[in-house]
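Asks: A predicted structure for the sequence below; I have some questions about it.
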Amino acid sequence: MASEASRTRDPNAIERVRRREPDALEAFFERYFGPVYALAHRLLGDKTAAEDVTQEVFLKVHRAIDQLDPARDPWPWIATITHNACRDVWRSAPYRMSRRSDSLEAEPGLAERLPGVSADPERLLLANERERLVREAIEKLPEHLREAVLLFDYRGLTHLEAARMLGIEHAAARKRYSRALSALAERLKEKLAS
């Protein structure tokens with residue numbers, strides 16, 4: 001997704017985008033729509049919220065398109081805007097309330113991976129409870145630690161990619177992730193011991 005978009009970057013095309021030429025803008029938005037939506041969906045876990053964020057991101061990109069540097073890959077800039085828009089959603093009360101229950105549609109293929117009706121009901125109940133506790137613990141982490149977990153474990157970014165997106169050093173991203181895992185372990189130590 002993002003790497004494919006990066007490989008197809010053309011400084012001349014970006015210069016045309018900066019001049020707001022309609023066909024160049026259309027090609028630019030077409031190229032980055034998929035990666036932006038995928039990132040928003042992975043960070044938020046909700047199709048509707050990801051669609052809203054994608055629309056918001058492209059509005060912001062359109063307003064600031066003349067700031068693009070033709071010599072640089074635009075994806076880190078766009079990904080940062082996307083991440084910041086998702087961060088705003090995470091902070092909103094309606095989003096936090098909606099995360100209390102997840103839909104099987106939130107993750108493609110999830111329904112197929114869940115145990116069938118013949119599964120042990122007690123085991124299924126325990127697995128659901130364990131997942132709920134982990135999600136709650138992640139939501140209660142300080143924002144900078146929660147971001148580290150979401151970007152690395154849920155978005156699948158490397159520490160280097162997460163560092164670029166967060167605007168921090170690679171070593172700092174690794175340390176932040178390590179602290180996040182320690183904080184999660186501490187929060188979950190007693191709850192998951194049984």
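Replies: Sure thing, it's come through. Numbering: from 1, shown residues only.
Asks: which stretches of this structure have low pLDDT?
Replies: Counting by pLDDT under 70, the ranges of the chain that qualify are 1-9, 92-120, 192-194.
Asks: Domains in it, by residue range?
Replies: According to automatic domain parsing, the chain comprises the domains 1-94, 122-194.
Asks: starting at the chain centroid, how far to the first one?
Replies: Averaged C-alpha coordinates place domain 1-94 at 13 Å from its chain's average position (CA atoms, centre = their mean, to the nearest Å).
Asks: ditto for the shortest one
Replies: Going by CA atoms, centre = their mean, the spacing between the C-alpha centre of domain 122-194 and its chain's C-alpha centre is 13 Å.
Asks: So which residue is dead centre in this protein?
Replies: What sits nearest the mean C-alpha location of the chain, by CA atoms, centre = their mean, is Leu43, with 2.5 Å.
Asks: if I look at it, how far off is Leu124?
Replies: 28 Å (CB to CB, to the nearest Å). Bear in mind the C-beta positions are built from the backbone N, C-alpha and C, glycine included.
Asks: go on, His170?
Replies: For His170, the distance to Leu124 - CB to CB - is 40 Å.
Asks: Quickly find the element holding Ile81.
Replies: helix 75-91 (DSSP states H and E).
Asks: What residues sit buried inside that helix?
Replies: Buried residues in helix 75-91, counted by 16 or more other CB atoms under 10 Å: 75, 78-79, 81-83, 85-86, 89-90.
Asks: which pair in the residues you listed spans the largest distance?
Replies: Within the buried residues of helix 75-91, two members stand farthest from each other by CB to CB: Trp75 and Trp90, at 21.7 Å.
Asks: returning to what we had before: what about the residue nearest to the centre of the chain, helix or strand, and which?
Replies: helix 22-44.
Asks: any idea how far Pro74 is from Glu161?
Replies: 15 Å.
Asks: scratch that, Glu131
Replies: 36 Å.
Asks: Look at the two and report which has more neighbours.
Replies: Neighbours per residue, other CB atoms under 10 Å: of Glu131 and Pro74, the larger number sits with Pro74, 20 against 11.
Asks: Do I have it right that the more buried one meets Gln67?
Replies: No - the criterion here is CB atoms under 8 Å, and Pro74 misses it with Gln67 at 10.1 Å.
Asks: Quick one: residues contacting Thr158.
Replies: Residues near Thr158 by CB atoms under 8 Å, 6 or more residues apart in numbering: Phe152.
Asks: Then the one 10 residues further on?
Replies: For Ile168, the set of contacting residues under the criterion of CB under 8 Å, 6+ apart consists of Arg176.
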